[in-house]
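**Q** quick one, fold the following:
(one chain, ligands or ions: 1)
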Amino acid sequence: MDLSTGRPRDTWGSKAAFVLAAAGSAVGLGNIWGFPTVAGQNGGAAFLLIYLAAVALIGAPVMLAELIVGRRTQRNPVGAFKDLAPGSVWVVVGGLGVFTGIIILSFYSVIAGWTLSYIFKTITGTFVAGVDTEAIYNELAGSAVPAISWHLLFIMITIYVVLGGVRDGIERWTKVLMPVLFALLVLLAIRAVTLSGAEAGLAFYLKPDFSKVTGAVILSAIGQAFFSLSLGMGAMITYGSYVSKRDDLVSSAAWVTFADTTIAILAGLIIFPTLFHAGLEPGAGGPGMVFVVLTSLLSSIPPAPYGGVIFGTGFFMLLGIAALTSSVSLLEVVTSWAVDERGMSRRKAAISLGAVAFLIGVPSALANGAVSWLTNLPGIGMDFLSFLFMLFGQYSLVIGALLISLFVGWVWGVKAAGEEVRENDGEFPLGRTWGFLIRFVAPSAIVAILVKMVVDLV
Ligand code: PHE
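**A** Predicted structure coming up:
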């Protein structure tokens with residue numbers, strides 16, 4: 001029941017619609033840009049293998065745990081913990097998740113805004129041979145008015161989709177956008193792997209070099225997996241809360257995990273061959289890799305003269321679509337909290353909380369050159385956006401995922417969770433394995449990551 005309207009809670013139209021929406025949340029900047037960057041910095045294929053292990057052993061079990069909690073309670077993250085552990089402190093985990101959601105949305109939208117601007121830049125043929133791509137990037141990301149305006153536009157599009165609700169907003173849009181995203185991805189990957197010099201990029205990406213594997217690499221793989229799969233802040237609790245009791249959670253979780261991972265890998269097939277095509281080092285990460293380096297290569301992409309315009313426009317559309325279906329899930333977490341817990345209308349919740357995210361995002365929009373102290377935080381040595389990402393895109397998600405796995409594994413219990421999975425057809429394939437992973441493997445791996453993060457800090 002929806003408390004504010006008295007109507008039954010919205011549900012996804014079908015299992016496929018839910019899997020697409022959840023995959024839309026998972027597939028985002030973290031896959032298309034983040035994954036190739038992290039993989040490039042940490043030794044390519046060896047990182048890929050470790051990432052796959054992290055996804056299978058930790059990411060997928062936590063994903064299933066969140067979906068189970070969501071479908072069982074049919075509530076936002078705060079309501080879900082209130083429901084399963086009334087009167088306990090566990091509700092704080094939900095609160096942390098909602099708070100994290102609005103903060104991630106605030107800076108995510110800044111980068112997504114650049115992406116929108118780059119769609120227009122590429123389509124109008126900005127990136128011809130010899131153009132100074134760094135100056136173009138600085139002019140956008142480093143100036144207050146354009147950076148804030150594109151951030152605002154992106155938040156407005158996100159609000160528009162969330163206003164439509166679960167079925168007529170999120171579901172409707174992800175059903176259109178995800179197939180487009182996949183088609184773009186495959187076409188771009190085909191173009192990239194057939195460029196001259198692509199083999200060197202593929203070799204770097206696909207041949208494992210285990211000498212590069214250190215503890216830090218393993219931990220960054222786990223952190224990347226959480227961010228990429230949208231775990232640890234209740235996005236999957238929220239999306240799971242709209243799943244009908246008829247639909248099977250185990251295969252849904254598997255599909256979402258599979259889609260997210262496949263798309264991250266495919267993104268690497270676009271980025272590495274393209275970088276090697278131009279003889280560039282894959283280590284150059286951050287915004288530079290996509291907005292400065294990749295755009296500088298566009299003019300050389302055959303067939304001339306439009307190969308680069310088509311490839312570049314396709315790439316930034318891909319990035320923009322991926323970002324939108326993720327930002328929608330971030331705003332939906334916060335909106336569902338305001339609707340369930342505060343009795344607000346969806347309209348009021350989505351608009352006002354979207355506006356809050358916009359305002360919180362302003363300093364991030366100014367942190368790439370526009371305001372110098374935000375660009376280099378005194379005493380911290382990084383820009384404000386990167387700092388928020390570290391606190392909320394990494395630490396908070398890792399802590400959230402730890403608490404969720406402890407809660408489901410030990411407090412609410414794998415038995416109760418299993419009953420929710422078996423609700424209709426009575427099957428829980430790999431149920432015992434999942435129980436073992438969520439109780440022992442996930443928490444201990446996450447504690448290891450946390451200890452390492454703290455040690456790194458001091
Ligand atoms: N998974 C998204 C990405 O890879 C980011 C995200 C994180 C979205 C957490 C929702 C919740 O870009």
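**Q** residue of the stretch 101-250 of the chain closest to the ligand, please.
**A** Across the stretch 101-250 of the chain, no residue is closer to the ligand than S230, which sits at 3.6 Å (C-beta to the nearest ligand atom). Heads up, the C-betas are built off the backbone N, CA and C, glycines and all.
**Q** could you measure from that residue over to A85?
**A** As judged by C-beta to C-beta, to the nearest Å, S230 and A85 stand 23 Å apart.
**Q** Y108: what's it in contact with?
**A** G28, L29, A323, S326, S327, L330 (C-beta atoms under 8 Å, 6 or more residues apart in numbering).
**Q** 7 Å instead?
**A** L29, A323, S326, S327, L330 (C-beta atoms under 7 Å, 6 or more residues apart in numbering).
**Q** low-confidence ranges in the stretch 251-400 of the chain?
**A** Where the stretch 251-400 of the chain drops to pLDDT under 70, the residues are 281-287.
**Q** which helix or which strand is home to the residue in it that the ligand sits nearest to?
**A** Of the residues in the stretch 251-400 of the chain, the one nearest the ligand is S326, at a distance of 4.1 Å by C-beta to the nearest ligand atom. Following DSSP states H and E, one finds S326 within helix 307-342.
**Q** can you mark which positions in that helix are buried?
**A** Residues of helix 307-342 classed as buried under the neighbour-count rule (16 or more other C-beta atoms under 10 Å) are 307-341.
**Q** residues of the chain that sit close to the ligand?
**A** The chain comes close to the ligand at residues 25-26, 28-31, 104, 227-228, 230, 233, 235, 326, 329-330, as judged by C-beta under 6 Å from any ligand atom.
**Q** quick revisit: and the gap between the residue of the stretch 101-250 of the chain closest to the ligand and L430?
**A** With the distance defined as C-beta to C-beta, S230 ends up 22 Å from L430.
**Q** and these two? which has more neighbours close in?
**A** The neighbour comparison of S230 against L430 (other C-beta atoms under 10 Å) goes to S230, with 31 against 14.
**Q** quick check: the more buried one touching S25?
**A** Yes - here S230 reaches S25: they are 4.6 Å apart, a contact under C-beta atoms under 7 Å.
**Q** list residues touching both of those two?
**A** Here S230 and S25 have S329 as joint contacts, going by C-beta under 7 Å, 6+ apart.
**Q** ok, and the most crowded of the residues of the chain next to the ligand?
**A** For the residues of the chain next to the ligand, neighbours were counted by other C-beta under 10 Å; the highest total belongs to M233, with 34 neighbours.
**Q** element containing it, please.
**A** With the criterion set as DSSP H and E, no secondary-structure element contains M233; it sits in neither a helix nor a strand.
**Q** residues touching it, list them.
**A** Listed by C-beta under 7 Å, 6+ apart, the contact partners of M233 are G97, T100, G101, V333, S396, L397, G400.
**Q** run the last query once more with 10 Å
**A** M233 makes contacts with 66, 77, 93-94, 96-104, 226-227, 329-330, 333, 392-393, 396-397, 399-401, 404, as judged by C-beta atoms under 10 Å, 6 or more residues apart in numbering.
**Q** same check on L450?
**A** Contacts of L450 were listed using C-beta under 10 Å, 6+ apart, and they are L219, Y395, V398, I399, L402.
**Q** now with 8 Å, please.
**A** Applying C-beta under 8 Å, 6+ apart to L450 gives the contacts V398, I399, L402.
**Q** need the next SSE after the helix or strand harbouring the last one, C-terminal direction.
**A** Secondary structure from DSSP H and E places L402 in helix 397-406. Tracing the chain C-terminally past helix 397-406 and defining elements by DSSP H and E, one meets helix 414-421 next.
**Q** packing partners of that following helix?
**A** Counting contacts by 3 or more C-beta pairs under 8 Å, 6 or more residues apart in numbering; DSSP states H and E, the secondary-structure elements packed against helix 414-421 are helix 60-73, helix 249-277, helix 431-436.
**Q** give the burial count for L57, as a bare number.
**A** Using other C-beta under 10 Å, the number of residues around L57 comes to 16.
**Q** surely it touches L437?
**A** Yes - with the criterion set as C-beta atoms under 8 Å, L57 and L437 qualify as a contacting pair; they are 6.1 Å apart.
**Q** still on that earlier bit, gap between the residue of the stretch 251-400 of the chain closest to the ligand and G201?
**A** Distance, S326 to G201, by C-beta to C-beta: 26 Å.
**Q** now swap in K82 and tell me
**A** According to C-beta to C-beta, K82 stands 50 Å off from G201.
**Q** the two - which one has more neighbours?
**A** Regarding K82 and G201, a neighbour count based on other C-beta under 10 Å identifies G201 as having more, with 26 against 19.
**Q** was I right about that one contacting A278?
**A** No - using C-beta under 8 Å as the test, G201 is too far from A278 to be in contact (10.0 Å).
**Q** so the helix holding S326 versus helix 60-73, what angle?
**A** What separates the directions of helix 307-342 and helix 60-73 is an angle of 40 degrees, with axes from the mean of the first three to the mean of the last three C-alpha atoms, to 10 degrees.
**Q** in the next helix or strand along the chain from helix 307-342, what's buried?
**A** Stepping forward along the backbone from helix 307-342, the first helix or strand reached (DSSP H and E) is helix 346-365. By 16+ other C-beta under 10 Å, the buried positions in helix 346-365 come out as 346, 349-351, 353-354, 357-358, 360-365.
**Q** try stretch 216-227
**A** Neighbour-count burial for stretch 216-227 flags V217, I218, L219, S220, A221, I222, G223, Q224, A225, F226, F227 (criterion: 16+ other C-beta under 10 Å).
**Q** would you list these in JSON lines and tack on secondary structure, pLDDT and distance to E420?
**A** Written out in JSON lines, the entries for those read as follows (DSSP: H, G, I helix; E, B strand; the rest coil; pLDDT from 0 to 100; distance: C-beta to C-beta, whole Å):
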{"residue": "V217", "secondary structure": "helix", "pLDDT": "87", "distance to E420": "36"}
{"residue": "I218", "secondary structure": "helix", "pLDDT": "87", "distance to E420": "32"}
{"residue": "L219", "secondary structure": "helix", "pLDDT": "84", "distance to E420": "31"}
{"residue": "S220", "secondary structure": "helix", "pLDDT": "86", "distance to E420": "33"}
{"residue": "A221", "secondary structure": "helix", "pLDDT": "92", "distance to E420": "30"}
{"residue": "I222", "secondary structure": "helix", "pLDDT": "92", "distance to E420": "26"}
{"residue": "G223", "secondary structure": "helix", "pLDDT": "92", "distance to E420": "28"}
{"residue": "Q224", "secondary structure": "helix", "pLDDT": "94", "distance to E420": "29"}
{"residue": "A225", "secondary structure": "helix", "pLDDT": "96", "distance to E420": "24"}
{"residue": "F226", "secondary structure": "helix", "pLDDT": "97", "distance to E420": "23"}
{"residue": "F227", "secondary structure": "helix", "pLDDT": "97", "distance to E420": "26"}
